[in-house]
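*Asks:* Quick one, what's the 3D model for this:
(2 chains)
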Amino acid sequence: MNMKKRALWQALATLLVFSCAGYPVLAAERDEPVALESGSKEEQAQHLEDEDGQHADEHGSEDHAEEGGHDEAEGHSEEGGHDEEEGHVVLSDAQIEKADIEIVEAGPGTINPSITLFGVIRPDLDRLVHIVPRFPGIVTEVGRRLGSSVSKGDVLLSIESNESMRTYALRSPIAGRIVQRSVAPGQFADTDSPLMVVADLSTVWLDLQVHRHDASLVSEGQRVTFRPEAGASPVEAVVDYVSPIAAQDTQSVLARATVPNPEGSLQPGLFVTASVEQKSETVQVVVARDAILYEGADSFVYVPGDEEGSFERLPVKIGRSDAGAVEIVEGLAPGSAYVSRNAFILKAEAGKSAASHAH
Amino acid sequence: MIARIVSFCVEHRWLVLLSVAFVAAFGAYNFTRLPIDAVPDITNVQVQVNTSAPGYSPVEVEQRITFPLETAMGGLPGLDYTRSISRYGLSQITVVFVDGTDIYRARQLIGERIQAVSGELPPDVETAMGPISTGLGEIYMYSMEANPAARKQDGSAYTLSDIRALHDWVVRPQLRMVSGVVEVNAIGGYERQLHIVPDPYRLTTFNLSFQDVVEALEANNVNVGAGYIERNGEQYLIRLPGQIAEATEFSEVLLGTHNGRPIYVHDVAEVTFGKELRTGAATHNGKETVLGTAVMLIGENSRDVAVAIDEKLDQIEKSLPDGVRIETLYDRTSLIQKTVATVRTNLVEGAVLVIVVLFVLLRNIRAALITAAVIPLSMLITVTGMVEYRISANLMSLGAIDFGLIVDGAVIIVENCLRRLSEERKRFGHALSTKDRFATVIEATREVMTPAMFGSFIITVVYLPILTLTGVEGKMFAPMATTVVFALLSAMVLALTFVPAAIAIFVRGDVEEKESPVMRWAQRGYESALALALGRQKTVAVAAGILVLVAAFGATRFGTEFIPRLDEGDVAVQALRVPGTSLSQSVDMQMQVEKALLEIPEVKDVFARTGTAEVATDAMPPNISDAYVMIRPRDEWPDPSKSKAELLRELDEVLATIPGANYEVSQPIELRFNELISGVRSDIGIKIFGDNMETLLASANEVAAVVRRVEGASGVQVEQVSGLPVLSIQVKRDAAARLGLSISEVQQVVQTAMGGARAGTFYEGDWRTPIIVRLPEDLRQDIERLRELPIPLPPEHQPEQNLAPASYSPFGEGMPRIVPLREVADIRLAPGPNQISRENGKRRITVTANIRERDLGSFVEEAQAVVEEQVMLPPGYWFEWGGQFEQLVSATKRLSIVVPAALVLIFALLFASLGTAKDALLVYSGVPLALTGGIAALALRGLPLSISAGVGFIALSGVAVLNGLVIISFIKNLRARGLSLDEAIWTGAVTRLRPVLMTALVASLGFVPMALATSAGAEVQRPLATVVIGGILSSTILTLIVLPVIYRLAHAAEEKRAE
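*Replies:* Predicted coordinates for the structure are as follows:
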């Protein structure tokens, strides 16, 4: 009977321990064994509980890892982000289509580099005449107004010479327009200052400011293109003079092109931005400008990988470039395929595991 | 004492009824005051200090803004900790206070501190505190769009800037007036700006600088008052208007003179309305839009506020120009309505089931109605308690209430009264006199009130451990426990006062116990089962023991889920892209996401915020989008029976087809909470504090490498701190100096050119438009153009006479004195810090890790040892270990003290009620027996162990103890009256069959709708209901059969001795 009673007590105590055990299981998110502090004297029962606790660890976490969608995602990001080669991306066909990724072959091409220079339109000084009186005297008649077109030999004004008291005429030595007039009838005209300036504006000068870093890139004979106004059709000319002397204040050199101005739309004094074409060069490997991506200062392109839909990051060294194309000096063999459009999506896909939103 | 209360109640029954009516009325009044939210508010007490610093890079933001502000926050009373991020153009400091701090006082103190340091901050930055709100604050979102055909007054189509201006100056001011709205936050479109765009070449020919333009604009756009003059007893105010009324007038502002000729703005610049350089954008169903978010003040009732906003918006929409409309995208009301519906269902279904069960078993409709009346009454009292304790009604706090369980005490009392009344009726042979009836009611109540009362107390006690949880867990579950305790206690009080009084009043006349056929059948079955069990006592006891062992083993194999996810109905998708992704690229990618998501038929709307809104409540960089996916109501689905999980899987599949981003799927409120609380979400976070970003990063990488090797580590990641592409324009000091330029002149030109310089405000009525001086668009397009950016040289000093040949200029007059930027600066592309995080005033970087297939404790121990040993931090750098494990450890520690304490307390209660330890233990044995059924039910439905299932187990223990207590105390009474052990056990068990069945049926049937629920709150209710139904089934069977057996085993010896 005594035996029976003890057995019963043991059974009850075991039950009690289990009812205690229910709590920590609920409380702990993970199934680590929780030390029970409820005062059970039954070693046997305690022992049982410990074993169970350990079992719980193994199974519980296995389940967890298999089931949790979140876990999978994390595991994936680990593979993609750290363990494998940096920048490796695999996309499904659907993804490639959605991302509008275009793959083309890199090949030889021409680079037409140019530099941008600031300039101002000036009158062609070779076709500009200062009208200065030969003898001092009183201006008796001014025949032409400012802005008038004159032909060669037209009388511009008449002066009564102080020396001879005779009236003589000043004629225009060239055809052009009167661009400056600082004379009125009755005025005393001296021989040291021009009374009028006649300019032939059928050609004008484009004076370009070449800053010291570009000085070596500009030389006589180069072609220069500019648009007189935004949207206007481009005007072409040739650099015919590069000043051997530099300006001290702006540390720049003058380059000049003579530009035909048949319609007179290039008015001296206007500012323009011109681009001076450099020697165009044919190079071995050219890629689209949009293909080049940067990580810090390092440049790279994406190329299709061996597997279907995979892409690898390929570090490249860039050479010369123009508005649309970039020369690859090193890293990409001629004829190899590369991603020419929306390469950024690949960079984003490769780097997305690192993307987080910390606060 | 309590017995006396019962007699008092029966004697003064009308008074009791009147008081109950009064209390109920008060409860009804309180119900209108009860704040209703969808989910519990788990936000800590925090104040955000946001400083917008346009153009500042992360390093500058940290150095010049974050640091002084953060330092100033030190030592605030009640301060828990501060954390901050410094990002491009934005500093955000989050000051977290210990729970219970008064938010208004905290804000006032912070305001004082901001004032104190404002002198140290750069002059062009604005510091403001975030809205006084919580994670539940974003209750209403709407978009503003114009019909494509709609035209402005001047005949042109509406642009995003126009819509945004309409929003900012028409909608927003009105909406902010709605009571309870603390902030209306706009994102999307472009803020309208008045752009003054000078041509740098022309400026320099006139010897003017950008600064001259800014100053001239500021000086010519001011109204001035000049006191007053008195004349003939009248007073004339003097006013000197100078403010510009028409945008075109800005062209006429005088800048200076050149060669005697006045130079106006139009001589050097163009004046146009333009777009801001924005930091955030909004998209809606694949198009850009303007998105407004109304934020609710802390402590307001979101139900009322959301409705008020809705009404106000309707009213505002009427005043908008034709073709411009406001579309509601997110309205908290719908979620709240679902919450209310859930609660209503609980109440109604509970009441109906109670009435049906009681009527079927008792065959007395009045008694059934009385018991059912306890449900709404206790609910109303609970509401009063909730209002007093500032607990909001939500799916969590109300989701766990099962009225079937709560009325158990009342059921027992009603049943006993009825039984006794009919017994008495039989004994007397005629209807009872009023006096006798009252006496019988009192007597019957007293008989069972002890077990009923103790049962409630015990359930209350088992909830206590939940109340000790702190942090997020505490905020989530403590209100739930409190509410349940309120409901239990009020039901208990009602059972002891209202129930006897009502029975005394209403159950009169001929009370005859009508044996219901159901009952008769049950009784017959039970008797034969009990006889069988008593014949094989040992087998039964051992079988029960084995069952418990199996269940206990099974319980350890469950997956666990600490915090349940409350289904908000809608979905949030956060798209995370690489740092450095531009806003327009992000927006393009986001639109693609939206278009793809819209193809899912269940999706109604998709809208997203990308980058930071104007009020930076969430400091998101442009590479991140928060998208809200609005799901159609279930009846509009092509397949209404489709599960939410399935829908989420489809969503994941769709997202997987769009490369370039990581997508995190959560829910709108959940997302907001995560953003606000923002602790380390992984198991372990190793924070490294120090000064130098590079050293920190190197150390963090080292730590990550070490931790990765520790067994069980998974997903070890270093916080992304670098990788923001920065175009660094380093002015060459010597080159600049030779040209007579100072560094700041160059910086200023670049700043004006790219970012723009503010030159006052243009006022049109209430509309305010910032005036920005900046360079023409074609000069600020790309890096190449930036290199050509013209930097004007300072005005020419008079050239010296007799020039040496070297200073002869080949240029004639009129060549502007300008150098391109590349002449004076090195322009380099370099990665810079993406953001700088600080905590408690120190730079910080975090390494996070999760743990798989290993227990947290030993992992942390090993990792700590290995890291301390292998990673050498330079002096001035230190580690801190944190993460979820901290909370787990503290919660486990607390529970491992509180749970045994609660168990001891329950034991003490049982001991007090039964008088012997042996009987108390016997009753206790019902608990594990009940749990077996719960565990089996969970396993059958494949649900994980969660807190909500835990609450089910808790409730279950209460019911099991209650049942056991009722039976054991009844048997004891019978034995005390002199019946033999076997007789007492037999009679007791058979007599108690009906109440035990009744409580069990009421409680478990009451949960059946919840167990099958798919409505809002189902995820809390389903595990709870499953556990309770399964547990009650097993517990009832086991209480009725195993308990008498064990009782007989335990008491056989003493019976023998007595013989």
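*Asks:* From one end of stretch B:704-714 to the other, what's the distance?
*Replies:* Using C-alpha to C-alpha, to the nearest Å, the gap from the first to the last residue of stretch B:704-714 comes to 11 Å.
*Asks:* Would you check the distance separating it from the middle of the chain?
*Replies:* Relative to the centre of its chain, stretch B:704-714 is centred 32 Å away, using C-alpha atoms, centre = their mean, to the nearest Å.
*Asks:* Which positions in that stretch come out as buried?
*Replies:* Judged by neighbour count (16 or more other C-beta atoms under 10 Å in any protein chain shown), stretch B:704-714 contains these buried residues: B:704, B:706-708, B:710, B:712-714. The way it works is simple: take the backbone N, C-alpha and C, and place the C-beta from them, glycine included.
*Asks:* could you check whether that stretch is close to chain A?
*Replies:* Yes - Stretch B:704-714 comes into contact with chain A (C-beta under 8 Å from any C-beta of the partner chain), by way of residue B:714.
*Asks:* Quick check: mean pLDDT of that stretch?
*Replies:* When the per-residue pLDDT values of stretch B:704-714 are averaged, the result is 85.
*Asks:* possible to save the buried residues of stretch B:704-714 as CSV with distance to residue B:601 and secondary structure?
*Replies:* As requested, those are exported to CSV (distance: C-beta to C-beta, whole Å; DSSP: H, G, I helix; E, B strand; the rest coil):
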residue, distance to residue B:601, secondary structure
B:704, 43, helix
B:706, 50, helix
B:707, 45, helix
B:708, 43, helix
B:710, 47, coil
B:712, 43, coil
B:713, 42, strand
B:714, 37, strand
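*Asks:* Relative to chain A, which of those residues is nearest.
*Replies:* Using C-beta to the nearest C-beta, residue B:714 is the member of those that sits closest to chain A, with 6.7 Å.
*Asks:* Bridge partners for the closest one, pull those for me.
*Replies:* Per DSSP bridges, the residues bridged to residue B:714 are residue B:850.
*Asks:* Hmm, residue B:859 and it touching each other?
*Replies:* No - with contact defined as C-beta atoms under 8 Å, residue B:714 does not count as touching residue B:859 (10.5 Å).
*Asks:* shared neighbours of the two, anything?
*Replies:* residue B:851 (C-beta atoms under 8 Å, 6 or more residues apart in numbering or on different chains).
*Asks:* Can you tell me the SS state at residue B:626?
*Replies:* State at residue B:626, reduced to three classes by DSSP: H, G, I helix; E, B strand; the rest coil: strand.
*Asks:* Okay, and the beta partners of the closest residue to it other than its chain neighbours?
*Replies:* In space, residue B:626 comes closest to residue B:609 once its chain neighbours are excluded; the distance is 5.0 Å by C-beta to C-beta, 6 or more residues apart in numbering or on different chains. Per DSSP bridges, the residues bridged to residue B:609 are residue B:282, residue B:626.
*Asks:* List the contacts of residue B:609.
*Replies:* Contact criterion C-beta under 8 Å, 6+ apart gives B:187-188, B:280-282, B:291, B:620, B:625-626 as the residues in contact with residue B:609.
*Asks:* repeat for residue B:914
*Replies:* Contacts of residue B:914 were listed using C-beta under 8 Å, 6+ apart, and they are B:920, B:923, B:965, B:968-969, B:972.
*Asks:* what does residue B:465 give?
*Replies:* The contact partners of residue B:465, taken as C-beta under 8 Å, 6+ apart, are A:23, B:895, B:898-899, B:902.
*Asks:* Quick check: it is in a helix.
*Replies:* Yes - counting by three-state DSSP, residue B:465 is found in a helix.
*Asks:* And it, how close does it get to residue A:235?
*Replies:* In this structure, residue B:465 and residue A:235 are 87 Å apart, going by C-beta to C-beta, to the nearest Å.
*Asks:* could the buried residues of stretch B:704-714 go into TSV alongside distance to residue B:821?
*Replies:* Formatted as TSV, the entries for the buried residues of stretch B:704-714 read as follows, by distance: C-beta to C-beta, whole Å:
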residue	distance to residue B:821
B:704	40
B:706	46
B:707	46
B:708	45
B:710	51
B:712	55
B:713	49
B:714	49
